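Undergrad: From the sequence below, what's the structure:
(one chain, ligands or ions: 2)
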Amino acid sequence: MFETLPKPKLDGIIALMQAFADDPRMGKIDLGVGVYRDEAGRTPVLEAVKAAERRCVETQESKSYLALAGDQAFLDVMETLLLGGAVPSARVAAVGTPGGTSAVRQICELIRSARPEAVVWISAQTWPNHAPLIAAAGLKMQPYRYLDRDSGGLDHLGMFADLEQVAAGDVVLLHGCCHNPTGVDPSAQDWAEIAALLERRGAVPFVDMAYQGFGEGLDADAGGLRHLSARLPEVLVAASCSKNFGLYRERVGLAMAVVPEALKANLAAALAGLNRQFFAFPPDHGGRVVSTILGDTDLRRLWQDELETMRARVAQNRQALAQALQAETGSDRFDCITTQRGMFSLLPLSPEQVARLRAEHGIYMLGDGRANLAGLNDFSIPVCAQAIAQVMR
Ligand code: PLP
Ligand code: TYF
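TA: Numbers count the residues shown, from 1 in each chain. Ligands and ions are numbered 1, 2, ... in the order given. Next up, the predicted model:
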């Protein structure tokens, strides 16, 4: 039966991870997969996570099945972290999922169950997994303009012109903060305009929140989502705890629907039903770690300090790289790196230049120029700036 199995398309990010691991060069630099790294290049388990894990090991009395939605304590603390009380809980239905990836998939399945003809609008540059996940759920897609390559900021005119084409009942996928791969986020004013446009067109926002706390701070990063939730009748959310809790391989995420009160029970049942179809009970350990941290004053303070350290380090790398590139190239075209946020920037490099960086300098980034700036340190910043200037000459 498998002679006819089509050759699967590889995940380019995972393939790049492997290529980096296989490269024997000593001075190689990994700006590929989006994981946080400290100055020494490590992705350590957070102290708050270690402490919460110890507590869970000591106190947990059973690992028997829970509900299809997962642990309610985890869902409650995440509702507060994401929505900050912007809407009453009576409007919020949520289920745990194995990471943000399956949250995106579950939300797509939910859209298909409710409205199979809906078009999902995605930013022209987006996380490489978005399109495959939406397509796998059988939904149609349309791109909207997002990045202004000249300024390195939001293509406001292009984005709003494209979103004017959105039909009632369509879905618009937005990155909650720290847009992957561009690092370009809407301003508070932009979010208000997005909300007004979606309200006028009768379209539903779908917010993918994978980096809360890595942009400006926990509350500021959720500002767009909170504004949309307070203003619109329906908002869909996929959230991940992989980055901000460093729980990557534990697979911690949730799928959420903010709806009118009368619909909450049906949405909760539909989401639980989708969990049952795909994996039944979501993983528990990581979510329990998250609820332990957020439910304890001291652990929460420790976690927020650790998150702030990560956020500040990436912001510092942005400043240092932009300065080094300015010095090497004499051009201010890289200044936008400092106004972009989160781990990623889309560097203005051709695929050939990216290939040369990898072959000649051992510097790994995605083919479109996406670089994980958390992968830099004081030593590699001047090395990268020189190499980038060289391939751009
Ligand atoms: N959405 C975006 C935009 C991402 O960058 C990621 C990756 O971290 C995810 C969702 C989901 O990540 P995970 O499935 O590891 O929680
Ligand atoms: O964009 C990234 O690098 C992260 C990690 O299939 C990631 O979001 C990469 C590929 C993948 C899932 C997560």
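
Undergrad: Which parts of the stretch 151-300 of the chain are strands?
TA: 153-154, 171-175, 204-209, 235-240, 253-258 (DSSP state E, counting those that start in this stretch).

Undergrad: and Asn129, which of those strands is closest to it?
TA: Closest to Asn129 of these is strand 204-209 (CB to CB; 9.9 Å). (Each C-beta comes from the backbone N, C-alpha and C, glycine too.)

Undergrad: hmm, that closest one touching ligand 1?
TA: Yes - counting by CB under 6 Å from any ligand atom, contacts between strand 204-209 and ligand 1 involve Asp208.

Undergrad: Packing partners of that strand?
TA: Secondary-structure packing of strand 204-209 (3 or more CB pairs under 8 Å, 6 or more residues apart in numbering; DSSP states H and E): helix 99-114, strand 171-175, helix 188-201, helix 223-231, strand 235-240.

Undergrad: elements contacting the second one?
TA: I take that to be strand 171-175. Using 3+ CB pairs under 8 Å, 6+ apart, the elements in contact with strand 171-175 are strand 119-123, helix 188-201, strand 204-209.

Undergrad: how many neighbours does Phe309 have?
TA: Not Phe; residue 309 is Thr. Residues lying near Thr309 (other CB atoms under 10 Å) number 12.

Undergrad: What helix or strand is it located in?
TA: helix 297-329 (DSSP states H and E).

Undergrad: What ranges does the stretch 251-393 of the chain have for its helices?
TA: Using DSSP state H, counting those that start in this stretch, the helices assigned to the stretch 251-393 of the chain run over residues 264-278, 285-294, 297-329, 336-339, 351-361, 380-392.

Undergrad: mind listing what whichever residue of the chain sits closest to ligand 2 touches?
TA: Proximity of the chain to ligand 2 (CB to the nearest ligand atom) peaks at Gly34, 3.0 Å away. Residues near Gly34 by CB atoms under 8 Å, 6 or more residues apart in numbering: 13, 180, 243, 343-344, 372, 374.

Undergrad: tell me which element it falls in.
TA: Assigned by DSSP H and E, Gly34 belongs to neither a helix nor a strand.

Undergrad: low-scoring stretches of the stretch 1-150 of the chain, by residue?
TA: Judged against pLDDT under 70, the stretch 1-150 of the chain has no low-scoring part.

Undergrad: and the chain, which of its residues are near ligand 2?
TA: 11, 13-14, 33-34, 101, 127, 129, 180.

Undergrad: buried subset of those residues?
TA: The neighbour-count test (16 or more other CB atoms under 10 Å) marks 13, 33-34, 101, 127, 129, 180 as buried among those.

Undergrad: Taking those, tell me the two that lie furthest apart.
TA: Greatest spatial distance among those (CB to CB): Val33 and Thr101, at 13.3 Å.

Undergrad: which residues does the residue lying closest to Gln60 once chain neighbours are set aside contact?
TA: Among residues not flanking Gln60 along the chain, Arg288 sits closest, at 7.4 Å (CB to CB, 6 or more residues apart in numbering). By CB under 8 Å, 6+ apart, the contact list for Arg288 reads 52, 56, 60, 71, 73-74.

Undergrad: Which residue ranges make up each domain of this protein?
TA: The chain is divided into the following domains under automatic domain parsing: 11-45+300-392, 65-295.

Undergrad: before we move on, back to that, quick check: the farthest pair among the residues of the chain next to ligand 2?
TA: Ile14 and Asn180 (15.1 Å).

Undergrad: Next secondary structure element downstream of the strand or helix carrying Glu58?
TA: Using DSSP H and E, Glu58 sits within helix 47-59. Sequence order places helix 72-83 as the next helix or strand after helix 47-59, per DSSP H and E.

Undergrad: After that next one, which helix or strand is next?
TA: Using DSSP H and E, the helix or strand that follows helix 72-83 in sequence is strand 92-97.

Undergrad: Distance check, Ala21 against Cys384.
TA: Separation of Ala21 from Cys384 (CB to CB, to the nearest Å): 19 Å.
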